[in-house]
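Asker: The sequence isn't on hand, but the structure is:
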């Protein structure tokens, strides 16, 4: 709260990730620059991760990351007041006049992104157009913070939507929030990658406005769309009458050569670039601005800047252009690729000064173009809403004080007995092995059953048993209920299963959350029940691929969820291969508070060995032999106890 009594928004550490080189004039780069400046101006620490054409910036970035290994916060402090731009790798300039596409990502770029995101204590990683291969997709893969994805283009990417769609869906699943710059973009993304996309449009730079002087109307075309758009515009210019107007064609790369024109047109058409005038100056001098894209390389940011400069737009019927004009009923439209209608619309304005003045007045009075300050404020609200979903790290100080003098015990939170159909370990053998392994407490988590845990609770001697159940939901994977009193039936929704765990006073524990080899809730399913999750399993030795465990670590860290671990043992030999060292506890609340400060201890175990034993004990051994072996193991365990 500030001196006036109003609530001061939380200040975040945010990485903005651009898929294009920092020097690019691409619309996405302009959005990243505008948003980064706005957020920095609002007091947030903003780091921009981008490729660059500058060898010096790459060199300085790598030196800064090396120095930050001892003090990451010092590097982040440099982002106070203005964005800190980190050049994660060198990229060749994009060719001018073509549609911009991310190039293949060099290994050193991906490695630098991983190092930066591992070092920096960030609240958010905000990726723009995170389609692979790009810096944005690499950042999403390595992020340890809350992830926001912004989508800008309203044109379908065939490779991502048709060929690699399933993989792209998995990558996008890591996003905690999604935004679209336009409704057209939202509609396109929802069609192929269904999710909730909040529409937050781009802003325009401050200070844009008209500098037009009385005289012949000026028609302006800015090169920012696909090449065919310029060709269409020049065909239209050649059809205009020979007097009463001027045309300026401006390109950010300038013009080495210019289109051939007859002598009368050469006197009226000017080709220019940054050396002659800036884009803002050219737009400010325009009476009419033409956008002639077929939709393949539409430049809605250019249209917004033209409107902000007070020019009357004449644009093709591209969905995103129509959306912008429809906000305040501005400008004129022509059918895509129709040079006759384009020429007629330009001529209509040139031949009717009163109509041109009326339309210019409507443009000047419109609220179509928000400032970057307003856009930054909208994203600040989104960030705050996401941050509010993070769990509190304060816990219960009173319980923590009570636990301070308790002894440390080792706990295994995930194991099975022969009350699970895929396990042949008798309760007596499990208890004896747990005791021999030095465990002080175990959670028995049989599949869709608590009878084994209740049996162990009655037979346990010198070891604490948590009655638990690994419940299979209808279609959203498995979830474990700890400290249960009744069996929970399988087949309910994830929300219904969690509600039943809570009704019994139990704790919701999510096992192997990102292991694609198990039945697991999707990322989106976890987000829907985030507030009800008490703990999450971040290490499971039965997971075949380490990145699945790593993903769980990242998810737990960014949402500040209490972390747990368990052996997921289906054979006695795997018991205790991972354990949690924590203060002794009594009941679910003390357990959860103790788990906040616990240490996870791993012991090397061969996954192939324990999986082979599981197969032998449950599948390869005939039923009669399994029964006889079980009886022998129970008698042996009884003699030892």
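Answerer: Structure's in. What do you need? Given the structure is predicted, the values throughout are model-derived calculations rather than measurements.
Asker: State the helix or strand in which residue 248 lies.
Answerer: Secondary structure from DSSP states H and E places residue 248 in strand 246-250.
Asker: Give me the buried stretch members for the helix or strand just after that strand, please.
Answerer: The helix or strand immediately downstream of strand 246-250 is helix 263-266, counting by DSSP H and E. Across helix 263-266, burial judged by 16 or more other CB atoms under 10 Å covers residue 265. To be clear about C-beta, it is placed using only N, CA and C from the backbone, and glycine gets the same treatment.
Asker: what's in contact with helix 263-266?
Answerer: When contacts are defined by CB atoms under 8 Å, 6 or more residues apart in numbering, helix 263-266 is touched by residues 237-238, 242.
Asker: Dump these into JSON lines; add secondary structure, distance to residue 388 and pLDDT as well.
Answerer: Putting these into JSON lines (DSSP: H, G, I helix; E, B strand; the rest coil; distance: CB to CB, whole Å; pLDDT from 0 to 100) gives the following:
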{"residue": "237", "secondary structure": "helix", "distance to residue 388": "54", "pLDDT": "91"}
{"residue": "238", "secondary structure": "helix", "distance to residue 388": "58", "pLDDT": "89"}
{"residue": "242", "secondary structure": "coil", "distance to residue 388": "64", "pLDDT": "74"}
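Asker: With neighbour count and distance to residue 307 as added columns, please give those in CSV.
Answerer: CSV is the format used below for the contacts of helix 263-266 (neighbours: other CB atoms under 10 Å; distance: CB to CB, whole Å):
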residue, neighbour count, distance to residue 307
237, 22, 22
238, 15, 27
242, 10, 29
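Asker: which one of these sits closest to residue 439?
Answerer: Of all the contacts of helix 263-266, residue 439 sits closest to residue 237, with 82.3 Å by CB to CB.
Asker: Report the contact partners of that closest one.
Answerer: So residue 237 contacts 219, 247, 261, 265, 269 (CB under 8 Å, 6+ apart).
Asker: Mind putting those into JSON lines with distance to residue 418 and pLDDT?
Answerer: Formatted as JSON lines, the contacts of residue 237 follow (distance: CB to CB, whole Å; pLDDT from 0 to 100):
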{"residue": "219", "distance to residue 418": "82", "pLDDT": "95"}
{"residue": "247", "distance to residue 418": "84", "pLDDT": "92"}
{"residue": "261", "distance to residue 418": "88", "pLDDT": "74"}
{"residue": "265", "distance to residue 418": "89", "pLDDT": "77"}
{"residue": "269", "distance to residue 418": "86", "pLDDT": "87"}
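Asker: from the residues you listed, which two are the most distant?
Answerer: Using CB to CB, the contacts of residue 237 reach their maximum pairwise distance at 219 and 261, which is 14.3 Å.
Asker: quick one: which of the two has more around it?
Answerer: Counted by other CB atoms under 10 Å, residue 219 and residue 261 do not tie: residue 219 has more neighbours, with 27 against 16.
Asker: Quick check: bridge partners of that one?
Answerer: Beta bridges link residue 219 to residue 247, residue 288, judged by DSSP bridges.
Asker: where do the strands sit along the stretch 101-250 of the chain?
Answerer: Assigned by DSSP state E, counting those that start in this stretch, the stretch 101-250 of the chain shows strands spanning 124-128, 146-151, 177-180, 197-199, 218-222, 246-250.
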